[in-house]
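Participant: dropping the sequence and predicted coords here.
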Amino acid sequence: MRLFISAGEVSGDHYGAALAKAVRALYPDVECVGMGHNRMRAAGVHVLADMTTASTIGFIEPFRYIPKLIVTYFRMKWILRVMKPVAVVVIDYQGYHQVFIRAAKRLGIPVLYYISPQEWQWGTEKGGRNVVQYTDTILSIFPQEHDFYTKLGGRSVFVGHPIVDLIRRHDGREMFCERYGLDPSRRIVSLFPGSRPQELKQLLALFVSLIAPVEAAIKSTEQWVISVSSPVYLDRIYSVLQRYGVSGRVTCVCQDQHALIQHTAVSVVASGTVTLEHACLGTPFVAAYRLSALSYFVANIVMGKRFRELGYISLPNIMARAEIAPEFFQRRCRADLIIPEVVALLTDPQRHTDVHNALKKVGDSLGAGGACEKAAQVIVDTMHGRWT
């Protein structure tokens, strides 16, 4: 049997790889094909397209990638017809997958959505019904998500958040530091400027500009590390580091994100899945995010009041319904506001402990793990026609 797994972002590639391994553990003869990146390839998925470098955010920025999206869509649609997979699993990447799953449904292929659109959080019931209409099973990762789609008449199975499976204790601090030429006796401050080109454009220079003023304020030299989601971004990152005169003082850690979070004292992060990864490990962070001015303007028009009334942007704060970790969005995403929060987390032990404890509480609420195995069981049952 052939299973089609589709992921369009770096985080989705992580989840797709873990899912492919879990499915193969239950059904070794399965052939996995689809869209993904390096981790899915390493997990044995025959990757037929890679959209991770075209992943972006905002309302306007995706237009530049429309030609590639269209070509990829028609190619993947053709592959569905030719390869005839017994099921399709799509992971996040809402804009593309909301169109792609319609093609799969028209071909009569069962569709499972893993990391579904967050209509339950900041969408609408109408948007939720669109997900339900073209999805046979939603593999829900949040209890609120499961309740939302179930009330709309969708078939949802709560499997828990896969991040709990991916976050695990890595090498000891000394081994980690030796691998990257760091001093295990000194604190690490990490920058996570995002995995999408547009995020790097909006946030990379801002994050790097924090280094000198933070060190001046705390009167010590920390070990600064930038998390690099893909080697394709290294040249851009080195260029920005050189521009700010810190190229010799910053270490780039490529595709070793979870280990870095574990050994980091404080991070500055682009709001996204990485904030939940920090919560699972209890690592304090400051979240910062901004859209382009045009995207922000369009979002205000398209989403109106719902957009303006968004309470929080980082998932731990959304789940806690409180700002347990400092966050700065759009006009407040400025160095002069971010620097004092980073300094406070580095110089005030009680502040650091309070944020650590609050984040761990959120991380613990995500469950004890096993999400991938639970999701894989539903997928295998669907492939064999046992899920009715």
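Facilitator: Everything's here; your move. Residues are numbered from 1 along each chain as shown.

Participant: the most centrally placed residue in the chain - nearest residue in space that isn't next to it in sequence?
Facilitator: In the chain, the centroid-proximal residue (Cα atoms, centre = their mean) is T273; its distance is 3.6 Å. Spatial nearest neighbour of T273, excluding adjacent residues (Cβ to Cβ, 6 or more residues apart in numbering): S11 at 4.7 Å. To be clear about C-beta, it is placed using only N, CA and C from the backbone, and glycine gets the same treatment.

Participant: taking the chain centroid, which residue in this protein is the extreme one?
Facilitator: By Cα atoms, centre = their mean, the chain has its most distant residue from the centre at K219, 33.7 Å.

Participant: what sits against that one?
Facilitator: Taking Cβ atoms under 8 Å, 6 or more residues apart in numbering, we find K219 in contact with no residue.

Participant: so how far is R168 from it?
Facilitator: 36 Å (Cβ to Cβ, to the nearest Å).

Participant: so where is the protein shaky, pLDDT-wise?
Facilitator: Applying pLDDT under 70 to the chain flags residues 54-65, 122-123, 169-170, 292-310, 387-388.

Participant: how's it carved up into domains?
Facilitator: Domain assignment for the chain by automatic domain parsing gives 2-160+370-383, 173-364.

Participant: which of those sits most buried?
Facilitator: Across the domains of the chain, the average number of neighbours (mean count of other Cβ atoms under 10 Å) peaks for domain 2-160+370-383, which reaches a mean of 20.

Participant: which residues touch V189?
Facilitator: V189 neighbours (Cβ under 8 Å, 6+ apart): V214, E222, Q223, W224, V225, T264, A265, V266, S267, V268, V342, L346.

Participant: secondary structure class for the closest residue to A320 other than its chain neighbours?
Facilitator: Of all residues not flanking A320 in the chain, V362 sits nearest, at 5.6 Å (Cβ to Cβ, 6+ apart). Under the three-state scheme (DSSP: H, G, I helix; E, B strand; the rest coil), V362 adopts helix.

Participant: pretty sure V362 is touching P316, no?
Facilitator: Yes: counting by Cβ atoms under 8 Å, V362 does reach P316; the two are 4.5 Å apart.

Participant: find residues that contact each of the two.
Facilitator: In contact with both V362 and P316: L276, A279, I324, using Cβ under 8 Å, 6+ apart.

Participant: return the closest of those with respect to L234.
Facilitator: Nearest to L234 among these: L276, at 25.6 Å, using Cβ to Cβ.

Participant: what helix or strand is the closest one located in?
Facilitator: For L276, the host element (DSSP states H and E) is helix 273-281.

Participant: quick one: residues in contact with that helix.
Facilitator: By Cβ under 8 Å, 6+ apart, helix 273-281 touches 11, 161, 163-164, 166-167, 192, 227, 257-258, 261-262, 267, 269, 284-285, 287, 314-316, 325, 359-360, 362-363, 366.

Participant: and the helix or strand V240 falls within, how far from the chain's centre?
Facilitator: Element membership for V240, per DSSP H and E: helix 234-243. Relative to its parent chain, helix 234-243 has a centroid offset of 23 Å by Cα atoms, centre = their mean, to the nearest Å.

Participant: alpha carbons of that helix, as PDB, please.
Facilitator: What follows is helix 234-243, C-alpha atoms only, in PDB (Å, rounded to 0.1, in the frame of the first residue of the first chain):
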ATOM      1  CA  LEU A 234      23.500  30.500   6.300                       C
ATOM      2  CA  ASP A 235      24.800  33.100   3.800                       C
ATOM      3  CA  ARG A 236      22.000  35.500   4.600                       C
ATOM      4  CA  ILE A 237      22.600  35.100   8.300                       C
ATOM      5  CA  TYR A 238      26.400  35.500   8.000                       C
ATOM      6  CA  SER A 239      25.800  38.700   6.100                       C
ATOM      7  CA  VAL A 240      23.600  40.200   8.800                       C
ATOM      8  CA  LEU A 241      26.100  39.200  11.500                       C
ATOM      9  CA  GLN A 242      28.900  40.900   9.700                       C
ATOM     10  CA  ARG A 243      26.800  44.100   9.200                       C
END
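
Participant: which elements pack onto it?
Facilitator: Under the contact criterion of 3 or more Cβ pairs under 8 Å, 6 or more residues apart in numbering; DSSP states H and E, helix 234-243 touches helix 197-208, strand 223-228, strand 250-254.
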